[in-house]
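Student: below are the sequence and a predicted model; questions follow.
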Amino acid sequence: MAAWNALAQFFPAAAGRTWQLHGGLHLPDHKALANLASIQPAGWPPTLVLPLSQHIGEAARPLVKPGDKVRKGQMIAKAEGWLSAPLHAPTSGRVSALEDRPVPHPSGQSAVCLVIEPDGLDQWADLPPPLADFAKRPAAELLARIAWAGLVGQGGATFPAAVKLAPRTPVHTLILNGAECEPYISCDDRLMRERPGRVLAGAAILRHILGVERCLIGIEDNKPEAIAALRQALRESGDDATRLVVVPTLYPSGGEKQLIWLLTGQKVPSGGLPAQVGMVCQNVATASAAADAVLDGRPMISRIVTLAGARMARPGNWEVPIGIPVAELIAQAGGDRSPAEGLIAGGPMMGFYLHSDTIPITKGLNCLLALSAQEAPDPGPALACIRCGRCAEVCPVRLLPQQLYWYARAKEFDKTREYHLADCIECGCCAQVCPSHIPLVHYYRFAKTELAARDREKREAEQARIRYEAHLARQERERQAKQRQRPATPAPTGEAEAAAKRVAIEAALKRVADRKATERTHEPQK
Amino acid sequence: MLLTIAAVTLLTLILGTLLGFAALRFRVEGNPIADQAEKILPQTQCGQCGFAGCRPYAEALAQGETPVNLCVPGGPTVAVALAELLGQDPKTIGRLEEKPKAVAYIIETECIGCTLCLQACPVDAILGAAKQLHVVLKGVCTGCELCLPPCPVDCIRMVPTAGTLRTWRWPVPGTAASGSSPSSLFANRS
């Protein structure tokens, strides 16, 4: 009992208690649009488009070239550098192109993609052996498997999982994020309902890799079926180190730092990582994918995507191959009820508009929304800020959204930094409650990228300065070396030498004068 | 009376010694204003300001000998930052156009391998040797254009750098190009 009390002191969640989030919003969740039917598999599209950069960090380096045959699960691009992840063929087929294609990004820009034409045979490549006895294997081996599988965070941040699972500071708790707090999205909900065993197996694997005992699964109380399914699976597995913690439904409880606070009452320091407070947080879908990689030797070649919104003809959750074009997926899902414009990638709060429907589904894309005008009315032009302060009340990070807005608008980016813009999670609560319809998050995103650009320029300038100084130093070295090499002329010393020199000069002058005289005498004869 | 004089004299001596000591002990080498100005300058070393590089311009600025709006690659941003540092009125800066960033590119078929551009490059961003093809290191080139005039065959072009997804910036909110951020349009306005 004493141990239990000590535990409860450090982990109130273990005692069934959660901490309270500052701010946040109760949003209509609209989850019932998509979470009623079970996950459906999507068919093969005529082409799969695989961006080489589906993770934060350097783009992967392609291992195949156009014309090559690939098999399902074959690595087609390898990780390039530390913060990168490899890419695998979602099915067998032929690589038809390696070219720039539109990718899911708010800019609407293109990036290098591998294009694969499936051959319909769906032949597997040789996969690494399943590691069912993972508990007896060294963590490094499992970590290498996770890195090989190209696992990235499935919640949207697309941080390479293998990097996150090798924290530099000791950790004591694994947190699985099943909060799924954004409206409409229900892919994690369906996953936890239908495959709770996979999620728990993934949790056990991640725990083993991190070398931690304790695992907390955070889940919002608007998913009773998922909670029941996980409870059942937990009972069956007899796993007593993993604890399911139900948190009240309040957007954005699924933010990494927010969930850690809700479950443990620990604050991740500003600009810091959860590992600094001894925790690692992963999405439940990432855990499930880790189980696929370790128990089946299956790389990350598919994911579950929620299709929702009133304009979507058949909303639901689909298990789709990575790289399926959005238009193809929507066509398979019964077609969009109206032209495919105004499609949102991600949730309604944090997502962004897609610029084209040829864009492929990537590893971090969890939801596609086709919202109607009733669901997402045009807020109209932004009015002046009336300093009501509601944005500050709902900010889960306790920032001052109003101040940040003023400074971002005035392009005083240094000030936005002082007001901790970097800690803004872009959840959109402030913009949601703003009575003047000011697109606050847009201002923050704008200021964030401007700050990043300035930092980049500063780094480049510093590099240029160092190179310039090295250039000057080199020139100076070369000059000195040249001087040393030049044969030293002995300096004349003494009267005798000076006299000899004078005589030599006079003789030379006389020779010149003589030559000139002879030339002059010859000239008229020409 | 005498006591007062003695006390004041003593105080003067003590404080004077302290000041003198501080002046020696905490002496600042070089000109700190010049250092700060140099940090603001883009370090392209292009010489378009009329000085031999960023450092000489920074030193001239620190002396107050030269206007703040001479840095062409830095554009208005740098000019405003310099004006702020030197306590000048930003209104007198005058107009400076922001130039898109570009890097030099050597056309391979035309380069004769004369090494003249190598010598002109202030940051050693061009690789090559006599009668060998020269090539510009894209990541190091500052776009100063100092290699253009020495080239006898005019085979160097300035190519604007294409932004990548990682260097992309959100447009200024409220402008036509900016579109809208979905987080502001979800229907739940109470």
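Tutor: Sure, I can see it.
Student: what pLDDT is listed against the residue of chain A found nearest chain B?
Tutor: Chain B sits closest to residue A:428 of chain A, with a gap of 3.0 Å, by CB to the nearest CB. For glycine as for every other residue, the C-beta is placed from the backbone atoms N, C-alpha and C. What the model reports as pLDDT for residue A:428 is 91.
Student: which residues does residue B:89 contact?
Tutor: Contacts for residue B:89 (CB atoms under 8 Å, 6 or more residues apart in numbering or on different chains) come out as residue B:83.
Student: how close does it sit to residue B:68?
Tutor: Distance, residue B:89 to residue B:68, using CB to CB, to the nearest Å: 10 Å.
Student: sorry, back to before: the residue of chain A closest to chain B and residue A:441 touch, don't they?
Tutor: Yes. Between residue A:428 and residue A:441 there is a contact under CB atoms under 8 Å: 5.0 Å.
Student: the more surrounded of these two?
Tutor: residue A:428 (30 against 27; other CB atoms under 10 Å in any protein chain shown).
Student: tally of neighbours for the closest residue in space to residue A:23 that isn't next to it in sequence?
Tutor: Counting by CB to CB, 6 or more residues apart in numbering or on different chains, residue A:394 is the residue found nearest to residue A:23 once chain neighbours are left out, at 4.2 Å. Neighbours of residue A:394 under the rule other CB under 10 Å: 20.
Student: for residue A:383, same thing?
Tutor: Neighbours around residue A:383, by other CB under 10 Å: 12.
Student: start and end of stretch B:122-132, how far apart?
Tutor: This stretch, stretch B:122-132, spans 20 Å end to end (CA to CA, to the nearest Å).
Student: quick check: neighbours shared by residue B:89 and residue B:68?
Tutor: residue B:83.
Student: any idea how far the residue of chain A closest to chain B is from residue A:250?
Tutor: Using CB to CB, residue A:428 is found at 14 Å from residue A:250.
Student: what do you get for residue A:507?
Tutor: 105 Å.
Student: between the two, which is the more surrounded one?
Tutor: residue A:250 (22 against 10).
Student: returning to that earlier point: quick one: the residue nearest to residue A:23 and residue A:430 touch, right?
Tutor: Yes. Using CB under 8 Å, residue A:394 is in contact with residue A:430, at 6.3 Å.
Student: and the residue nearest the centre of the chain?
Tutor: As the question left the chain open, I've gone with chain A. Centroid check for chain A by CA atoms, centre = their mean gives residue A:56 as the closest residue, at 3.2 Å.
Student: could you do chain B instead?
Tutor: Nearest to the mean C-alpha position of chain B, counting by CA atoms, centre = their mean, stands residue B:41 at 1.7 Å.
Student: any chance of the backbone angles for the residue nearest to it when sequence neighbours are not counted?
Tutor: Among residues not flanking residue B:41 along the chain, residue B:54 sits closest, at 4.3 Å (CB to CB, 6+ apart). In this entry, residue B:54 is assigned phi and psi values of phi -70, psi -40 (degrees, to the nearest 10).
Student: please report how far residue B:54 lies from residue B:38.
Tutor: 6 Å.
Student: more neighbours, the two?
Tutor: Set side by side, residue B:54 and residue B:38 show more neighbours around residue B:54, with 28 against 21, by other CB under 10 Å.
Student: what sits against that one?
Tutor: Counting by CB under 8 Å, 6+ apart, residue B:54 makes contact with A:465, A:468, B:38, B:41, B:42, B:43, B:44, B:45.
Student: which of the residues you listed fall in helices?
Tutor: A:465, A:468, B:38 (DSSP state H).
Student: quick one: the helices in chain B?
Tutor: Using DSSP H, helices in chain B cover B:2-25, B:32-40, B:54-63, B:75-86, B:116-120.
Student: now render those as TSV, adding mean pLDDT and distance to residue A:279.
Tutor: Shown next, in TSV, are the helices of chain B (pLDDT from 0 to 100; distance: least, CB to CB, whole Å):
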stretch	mean pLDDT	distance to residue A:279
helix B:2-25	94	47
helix B:32-40	86	38
helix B:54-63	87	46
helix B:75-86	84	40
helix B:116-120	89	53
